[in-house]
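Asker: I'd like to go over a predicted model; first the sequence, then the structure.
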Amino acid sequence: MRYDLAIIGAGPAGLSAALNAKIRNKSVIIFGKDSPKLTKSESIKNYLGFRDISGSELNQRFKDSLEDYEITFSDERVQTVYAMGDYHALMLKSGEMIEAVAVIVATGIELKKDLVGEEEFFAKGVSYCATCDAALYKGKEVVLIGYNEESVEEANFTAEIVGKLSFVNMYKKDIDLDPAINLIEGEIPLGFTGSDRANVLEFKSGKKIEADGFFIIKDSSKAQRLVPSVKMIDNHIEVDSNMATNIAGLFAAGDVTGSPYQIMRAVGQGQIASLEAVRYITKIKSK
């Protein structure tokens, strides 16, 4: 299915972008869940119009603003965005492909530092989608490092395909894990070593584990992994004053574009990105 606009990220920037695009009668799909950075804020005193409001309440106010508009929401993870000329193809974790004329990246930023060798061995034994790549390791040994609830689901799925799976639990205790999975708890992963491919995961304790492949499942990954050809500056997506990137039809807004990491800035950038995306969509569709 093709939409006018796909928005990756359901935080303040993404919701602002969705609202402004729908007001201008564009079809919109938004990928993502509530921003934990916002919802976990106990008190916000610098958002215009509110003297003091909790992050969860402000987030609900944002979502309430969208109730009267037909917007498609999806919890599916977008794995990769491909520029296809007059449209973009979004590959989802499920393997489904969604098309959109324009895309706004509003994913926020991943504050966790990469593991040693994570960038070096990306796509060389290190992956971020077990659903996508587990079949490559049929009958082999795999390690999955899990930071969220999704990682538990991915581990249970992967265990049915690979020969042996070890799960490094960075999420929480008492997870519902297949008993056939080797559970590793209390260990802090440091990084990967190998020659052409990653084949060893080292821990802070000095422990090492060998495997044929490694999966890292966390809430988000770097923007250049989502959009491989996007131009970056200081680990953020580089945009111009119209929130446009170096890729035609691809825009970015919010924390992913740099500091200051403020809610009002994200909302404003979401609006600008949306207005520019609408102009781009209109131009493309009038050809």
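Answerer: Nice, thanks for sending it over.
Asker: The closest residue to Ser205 other than its chain neighbours: which element?
Answerer: Spatially, and ignoring its direct neighbours in sequence, Ser205 is nearest to Glu187 (6.0 Å; Cβ to Cβ, 6 or more residues apart in numbering). The C-beta positions use only the backbone N, C-alpha and C, and glycine is treated the same way. Following DSSP states H and E, there is no helix or strand that holds Glu187.
Asker: and the longest strand seen in the chain, how far out from the chain's middle?
Answerer: For the chain, the longest strand by residue count, based on DSSP state E, is strand 97-105. Distance of strand 97-105 from the chain centroid (Cα atoms, centre = their mean, to the nearest Å) equals 14 Å.
Asker: Next: stretch 147-160.
Answerer: When C-alpha coordinates are averaged (Cα atoms, centre = their mean), stretch 147-160 and its chain have centres 17 Å apart.
Asker: So for it, mean pLDDT?
Answerer: Stretch 147-160 comes out with an average pLDDT of 91.
Asker: Just checking: what are the partner strands of the longest strand of the chain?
Answerer: Sheet pairing for strand 97-105, assigned by DSSP bridges, gives strand 2-8 (parallel), strand 88-92 (antiparallel), strand 250-252 (parallel).
Asker: What residues does the nearest residue to Lys207 once chain neighbours are set aside make contact with?
Answerer: Nearest residue to Lys207 in three dimensions, chain neighbours excluded: Glu187, at 6.2 Å (Cβ to Cβ, 6+ apart). Contacts for Glu187 (Cβ atoms under 8 Å, 6 or more residues apart in numbering) come out as Val168, Phe203, Lys204, Ser205, Lys207.
Asker: and if you look at Leu275?
Answerer: Asn20.
Asker: That one sits in which helix or strand?
Answerer: Per DSSP H and E, Leu275 falls inside helix 263-285.
Asker: hey, C-alpha coordinates of that helix in PDB?
Answerer: This file holds the C-alpha atoms of helix 263-285, laid out as PDB (Å, rounded to 0.1, in the frame of the first residue of the first chain):
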ATOM      1  CA  ILE A 263       9.700  19.100  23.400                       C
ATOM      2  CA  MET A 264       8.700  22.500  21.900                       C
ATOM      3  CA  ARG A 265      11.600  22.300  19.400                       C
ATOM      4  CA  ALA A 266      10.500  18.800  18.400                       C
ATOM      5  CA  VAL A 267       6.800  19.900  17.900                       C
ATOM      6  CA  GLY A 268       7.900  23.000  15.800                       C
ATOM      7  CA  GLN A 269      10.300  21.000  13.700                       C
ATOM      8  CA  GLY A 270       7.600  18.300  13.100                       C
ATOM      9  CA  GLN A 271       5.300  21.100  11.800                       C
ATOM     10  CA  ILE A 272       8.000  22.400   9.400                       C
ATOM     11  CA  ALA A 273       8.900  19.000   8.200                       C
ATOM     12  CA  SER A 274       5.300  18.200   7.500                       C
ATOM     13  CA  LEU A 275       4.600  21.400   5.600                       C
ATOM     14  CA  GLU A 276       7.700  20.800   3.400                       C
ATOM     15  CA  ALA A 277       6.700  17.200   2.900                       C
ATOM     16  CA  VAL A 278       3.200  18.200   1.800                       C
ATOM     17  CA  ARG A 279       4.800  20.600  -0.700                       C
ATOM     18  CA  TYR A 280       7.000  17.800  -2.000                       C
ATOM     19  CA  ILE A 281       4.100  15.400  -2.200                       C
ATOM     20  CA  THR A 282       2.000  17.900  -4.100                       C
ATOM     21  CA  LYS A 283       4.800  18.500  -6.600                       C
ATOM     22  CA  ILE A 284       5.400  14.800  -7.200                       C
ATOM     23  CA  LYS A 285       1.700  13.900  -7.600                       C
END
